[in-house]
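> sequence and computational prediction follow.
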Amino acid sequence: MSSSGVHKPSTSIITDFKEITKLRLAVSVVFSSVAGYFLGADTVDFVIVLLLAIGGYFMVGASNAYNQIIEKDLDALMDRTKNRPIPAGRMSVTTAFVIASVFTILGLIVLYIINPRTAMFGALSIFLYVSIYTPLKTKTPLSVFVGAFPGAIPFMLGWVAATGEFSIEPGTLFMIQFFWQFPHFWAIGWWLFDDYKKGGFFMLPTGKRDRGTAIQVILYTVWTILVSLIPAFGVTGKLFLSPFAAGLILLLGLGMLYFAIKLYREKSAYAAKKLMFASVSYITLLQIIYVLDKFIRQWI
């Protein structure tokens, strides 16, 4: 009995730290950044990969801690967020603010060591996420459009970390992740509609789980697929996709489109949840295919 009492506080501190910095989300952001780095690098420097991973985690952690400070009262109203460290009373706003501030400073330093442009885009993503996206979430469905900007930076950030330059290649990577976020977030917004409503969040483009929203989900899914295939046409500089890899991505895209159409037909929370998982699979597998395609072509 006493031994479990000894372990519990330390476990909950670690759990709360992971929760306030959203460790699982940070891992997916770091994955995107590292994929972008592998695509942009002529020779892979694993020190930079490590710095990118650490800097990326600091930036995501800072953004999420600031976000949870701002939304603490709204988080308390929603089932999915009421047990977060601040609304549950396990962490003070001051502690969260210290974590956020330290993470911001360390993140910018680490990214600056890679190169100044990487730090600049990292700073821009925190600013957009915390200062514009977060306050807009309770005001307008356009918040998803604003949030798509910081959300699309990681994939591009990796290329900038590798080259120190912003050009057509990282711009294309940005566009892929930018368009992808609309079906992804609208699927989440549809799935968790009732819970978001308790917190007063407007996530769906029409504000409702209706035909209009479902049509926009399909349209943005199509845009995502088309943008993902542009590198196959040799118009994006060093970023190139072989016909075989493009075929795989098209198949993945059609899979995601299938779930988007299913949402249009069924208009159910279950269909939205399926689309959300399909969208996560799409972006993860797309990044793996892009990287593997580059290195396989180099080896051949």
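Arrived safely.

> which SS class is G107?
Secondary structure, DSSP: H, G, I helix; E, B strand; the rest coil: G107 is helix.

> now do the same contact list for it.
G107 sits next to G55, G56, Y57, F58, M59, G61, A62, G122, I126 when contact means Cβ atoms under 8 Å, 6 or more residues apart in numbering. (Each C-beta comes from the backbone N, C-alpha and C, glycine too.)

> which helix or strand contains the fifth one?
Using DSSP states H and E, M59 sits in helix 46-70.

> mind checking the pLDDT average for that helix?
The average of the pLDDT scores along helix 46-70 is 94.

> how about stretch 26-35?
The model assigns stretch 26-35 a mean pLDDT of 93.

> which outside residues touch it?
The contact list for stretch 26-35 (Cβ under 8 Å, 6+ apart) reads 49, 52-53, 56-57, 59-61, 64, 154-155, 157-158, 161, 177, 280, 283-284, 287-288, 290-291.

> of the residues you listed, buried ones?
Buried members of the contacts of stretch 26-35, counted by 16 or more other Cβ atoms under 10 Å: 49, 52-53, 56-57, 59-61, 64, 154-155, 157-158, 161, 177, 283, 287, 290-291.

> in a markdown table: the contacts of G107, plus distance to D45.
Below are the contacts of G107 laid out as a markdown table (distance: Cβ to Cβ, whole Å):
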| residue | distance to D45 |
| --- | --- |
| G55 | 14 |
| G56 | 16 |
| Y57 | 19 |
| F58 | 19 |
| M59 | 20 |
| G61 | 24 |
| A62 | 25 |
| G122 | 18 |
| I126 | 25 |
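
> go through those and say which is closest to K18.
Proximity to K18 was ranked across the contacts of G107 by Cβ to Cβ; first place goes to G61, at 9.4 Å.

> could you check how far the residue nearest to I296 when sequence neighbours are not counted is from A162?
Nearest residue to I296, sequence neighbours excluded (Cβ to Cβ, 6 or more residues apart in numbering): S242, at 8.0 Å. Using Cβ to Cβ, to the nearest Å, we find S242 at a distance of 20 Å from A162.

> ditto for L128
23 Å.

> who has more neighbours out of the two?
Taking other Cβ atoms under 10 Å, L128 and A162 do not tie; A162 has more neighbours (26 against 19).

> was I right to think the more buried one contacts T43?
No. The criterion here is Cβ atoms under 8 Å, and A162 misses it with T43 at 9.5 Å.

> which helix of the protein spans the most residues?
Assignment by DSSP state H gives helix 269-299 as the longest helix of the chain.

> can you list the buried residues in that one?
Buried residues in helix 269-299 (16+ other Cβ under 10 Å): 271-276, 278-279, 282-283, 286-287, 289-291, 293-294.
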